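> What follows is a predicted protein model with its sequence.
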Amino acid sequence: EQFSRAEWTDVKHTLQLSFPNVPYLIDHARNLRLTESGAINAYIARQLNIGVQSDPELAIADMVDGVVRDCMSMFTRLCYGQYPEMRSVYLEQQLPPKLKYLESFMKDKAKFICGDTISCADFALYYMIFANSKLEPKLFDSCPNLQAFYRRFNALPFMEKWNALEYSKLPLNNTVAKFR
């Protein structure tokens, strides 16, 4: 399927977005226009009362989400930039320090990042593991806590439904990415 940047560039400045970017969300009921995945995810979670809703749990979720965003930023730069040339540098030098901290943090977590209640950060962590496992299936072999989290999250009823859909089989990135 052919991808044209014009599909976005022709309309992005007509949407009255403060920071034109994809994804974006327009909530007409509240006259709100948001960009940035994290802001959109957090807004939806608050509006639908999904997961942790107050501090200190929100602060913990935000902290972990920041680390996961760092990981995903590196992943995105690799996929759209110097893949496959920098693949080994990413997998052997850039990502492991972050994974070490996440693995340690998840050590005593029986369920989710903030305990028994899910948070937006859990979705982000799941996707980070999912995406990086596509890049290197054995990447998390030495991360039993992250593996356990991934299995628990993937076994949730809504994830079982998601995994049965064709949408779940789509590429990670669009057609201009060198790793999809």
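Done, it's in. The shown structure was predicted, so the numbers you read here are calculated from the model rather than taken from an experiment.
> Just give me the residue right at the centre of the protein.
The centroid of the chain falls nearest to residue 124 when counting by CA atoms, centre = their mean (3.5 Å).
> Any figure for the gap between residue 121 and residue 11?
Counting by CB to CB, to the nearest Å, the separation of residue 121 from residue 11 is 31 Å. In short, each C-beta sits where N, CA and C put it, glycine included.
> out of these two, which sits in the more crowded spot?
Just comparing residue 121 and residue 11: by other CB atoms under 10 Å the higher neighbour count belongs to residue 121, 28 against 10.
> How many residues are close by residue 141?
9.
> Relative to residue 88, how far out is it?
Residue 141 sits at a distance of 16 Å from residue 88 (criterion: CB to CB).
> Which helix runs longest in the chain?
helix 57-80 (DSSP state H).
> quick one: low-confidence ranges for this structure?
Across the chain, the ranges flagged by pLDDT under 70 are 1, 3.
> ok, which stretches of it are strands?
24-27, 32-35 (DSSP state E).
> what's around the nearest residue to residue 105 once chain neighbours are set aside, how many residues?
For residue 105, ignoring the flanking residues on the chain, the nearest one in space by CB to CB, 6 or more residues apart in numbering is residue 64 at 6.7 Å. For residue 64, the neighbour count with other CB under 10 Å is 21.
> Begin at 43, not 1, for the rest of this chat.
Okay, residue one is now 43; in that scheme the one you just asked about reads as residue 106.
> So residue 106 sits against residue 162, correct?
No: judged on CB atoms under 8 Å, residue 106 makes no contact with residue 162 at a distance of 9.8 Å.
> which residues in this protein form helices?
Under DSSP H, the chain gives helices at 48-51, 79-89, 99-122, 129-131, 137-147, 162-177, 186-196, 199-206.
> Run the angle between the third one and helix 137-147 for me.
I take that to be helix 99-122. If you take axes from the mean of the first three to the mean of the last three CA atoms, to 10 degrees, helix 99-122 sits at 160 degrees to helix 137-147.
> mind listing what the closest residue to residue 112 other than its chain neighbours touches?
Of all residues not flanking residue 112 in the chain, residue 140 sits nearest, at 6.1 Å (CB to CB, 6+ apart). Applying CB atoms under 8 Å, 6 or more residues apart in numbering to residue 140 gives the contacts 109, 112-113.
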